[in-house]
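Asks: build me a model from this:
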Amino acid sequence: MLLTARAGGCHCGAVRFEADLPEAFEVEDCNCSICAMSGNIHVIVPASRFRLLKGQGALSEYTFNTGGAKHLFCSKCGIKSFYVPRSNPEGYAVTWRCLDNWQALDVTIDAFDGQNWEANAGKLAHKSQA
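Replies: Okay, the predicted model is just below:
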């Protein structure tokens with residue numbers, strides 16, 4: 001599978017990253033409490049395909065419930081451009097709309113029932129495998 005480095009970041013530009021993604025890929029439209037409230041639609045990638053380019057010091061972390069997911073957001077503008085998902089702690093969930101030129105990317109939006117996370121999390125477990 002041919003991968004292309006795709007850059008992205010937060011609203012103010014303090015946080016920038018790259019994720020290696022195929023030409024066409026799936027994004028998860030999750031209905032869990034935090035994704036539903038924030039409108040987050042994301043693609044999960046292995047840690048080996050993610051690079052934080054700048055902004056480590058600008059990131060703040062939020063956890064809830066089990067504390068397994070590490071929700072990282074820019075402390076200046078508040079945007080969560082990526083996070084460490086509970087389903088794939090060895091990877092990153094990159095917010096699709098935080099990728100540069102996100103509208104031009106060839107994506108398939110998959111609904112994910114995160115409200116029933118325990119029953120459905122296994123469907124995502126393979127996504128952070130290299």
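Asks: can we go C-alpha only for contacts and neighbour counts from here?
Replies: Noted.
Asks: now the strands for this structure?
Replies: Assigned strands in the chain, in chain order: 3-9, 16-22, 24-30, 41-46, 50-54, 59-62, 70-74, 82-84, 91-95, 106-112 (criterion: DSSP state E).
Asks: just say which of the ones you listed is most tucked in.
Replies: Neighbour counts (mean count of other CA atoms under 10 Å) averaged over each of these peak at strand 91-95, with a mean of 26.
Asks: ok, and the closest non-adjacent residue to A130?
Replies: Once flanking residues are discounted, A130 sits nearest to P46: 5.7 Å by CA to CA, 6 or more residues apart in numbering.
Asks: need the single longest helix in this structure, by residues.
Replies: Secondary structure of the chain read by DSSP state H shows that its longest helix is helix 33-38.
Asks: what are the buried residues along that helix?
Replies: The neighbour-count check on helix 33-38 (16 or more other CA atoms under 10 Å) flags C35 as buried.
Asks: what average pLDDT does that helix get?
Replies: Computed over helix 33-38, the mean pLDDT rounds to 91.
Asks: one more: stretch 43-57?
Replies: 97.
Asks: what lies in contact with that stretch?
Replies: For stretch 43-57, contacts defined as CA atoms under 8 Å, 6 or more residues apart in numbering pick out 14-21, 25-28, 88, 90-96, 127-130.
Asks: change it to 7 Å
Replies: By CA atoms under 7 Å, 6 or more residues apart in numbering, the residues outside stretch 43-57 that reach it are 14-20, 26-28, 90-96, 127-130.
Asks: check stretch 72-82 too.
Replies: For stretch 72-82, using CA under 7 Å, 6+ apart, the contacting residues are 9-12, 15, 58-62, 83, 92-95, 98.
Asks: put the alpha carbons of that stretch into PDB.
Replies: C-alpha atoms of stretch 72-82 as PDB (Å, rounded to 0.1, in the frame of the first residue of the first chain):
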ATOM      1  CA  LEU A  72      -4.800  16.000  23.300                       C
ATOM      2  CA  PHE A  73      -5.800  19.500  22.400                       C
ATOM      3  CA  CYS A  74      -4.100  22.800  21.700                       C
ATOM      4  CA  SER A  75      -4.000  24.900  24.800                       C
ATOM      5  CA  LYS A  76      -4.100  28.100  22.700                       C
ATOM      6  CA  CYS A  77      -7.100  27.400  20.400                       C
ATOM      7  CA  GLY A  78      -8.700  24.400  22.000                       C
ATOM      8  CA  ILE A  79      -8.700  22.200  18.800                       C
ATOM      9  CA  LYS A  80      -8.100  18.400  19.200                       C
ATOM     10  CA  SER A  81      -6.300  17.600  16.000                       C
ATOM     11  CA  PHE A  82      -5.300  14.100  17.200                       C
END
